[in-house]
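Novice: need a 3D model of the sequence below.
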Amino acid sequence: QVQLVESGGGLVQPGSSLRLSCAASGTRFIVNAMGWYRQAPGKRRELVAILTREGIANYGDSVQGRFTISEDNADNRVYLQMNSLKPEDTAVYYCYGRIEPGGDYWGQGTQVTVSS
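Specialist: Now for the predicted structure:
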């Protein structure tokens, strides 16, 4: 069984930066992709950023140029550096992993609130 544990959420002012971290733990697993989705109240869950094992990164249109995803393969950890945060970035951010065996895994979510 694989677990994804997130950290780094919080309350920040518009224009600020924040970094999220997610670590995958378990035994005998292979990470094919890890990344982040978010869900704001009353909205559908949407892709923020995802990074494949081959090093290919994809970003949601609304965060392109402001957010950067990176990884630490030795620790099975992925980071999301969020810069120039806007109130519309307020959401629960979920770590996602496409991992063998098992398929899709989700973290418990971490709240990010951008407000003055």
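Novice: contacts, neighbours, all on C-alpha from now
Specialist: OK.
Novice: grab the nearest non-local neighbour of the residue positioned nearest the centre of the chain.
Specialist: The centre of the chain sits closest to W36, judged by C-alpha atoms, centre = their mean, with a distance of 2.7 Å. Spatial nearest neighbour of W36, chain neighbours left out: C95 (4.7 Å); criterion: C-alpha to C-alpha, 6 or more residues apart in numbering.
Novice: ok, that neighbour - how many residues close by?
Specialist: As a burial measure, C95 scores 31 neighbours (other C-alpha atoms under 10 Å).
Novice: so which residues make contact with the helix or strand harbouring it?
Specialist: Taking DSSP states H and E as the definition, C95 sits inside strand 91-100. By C-alpha atoms under 8 Å, 6 or more residues apart in numbering, the residues outside strand 91-100 that reach it are 4-6, 22, 29-41, 103-113.
Novice: any idea how far the residue lying closest to F29 once chain neighbours are set aside lies from A49?
Specialist: Of all residues not flanking F29 in the chain, E100 sits nearest, at 5.5 Å (C-alpha to C-alpha, 6+ apart). Distance, E100 to A49, by C-alpha to C-alpha, to the nearest Å: 20 Å.
Novice: between the two, who's got more neighbours?
Specialist: Each of E100 and A49 has its neighbours counted (other C-alpha under 10 Å); A49 has more, 24 against 15.
Novice: give the pairing partners of the helix or strand the more buried one falls within; include direction for each.
Specialist: In the assignment (DSSP H and E), A49 maps to strand 46-52. Its sheet considered, strand 46-52 pairs with strand 30-39 (antiparallel), strand 57-59 (antiparallel) by DSSP bridges.
Novice: give me every residue that touches the residue sitting furthest away from the middle of the chain.
Specialist: Computed with C-alpha atoms, centre = their mean, the residue of the chain farthest from its C-alpha average is S116, at 23.2 Å. Contact analysis of S116 by C-alpha under 8 Å, 6+ apart lists 12-14.
Novice: test my guess that the residue nearest to the centre of the chain contacts A57.
Specialist: No - using C-alpha atoms under 8 Å, W36 makes no contact with A57, being 11.3 Å away.
Novice: any shared contact partners between the two?
Specialist: Counting by C-alpha under 8 Å, 6+ apart, the contacts common to W36 and A57 are 49-50.
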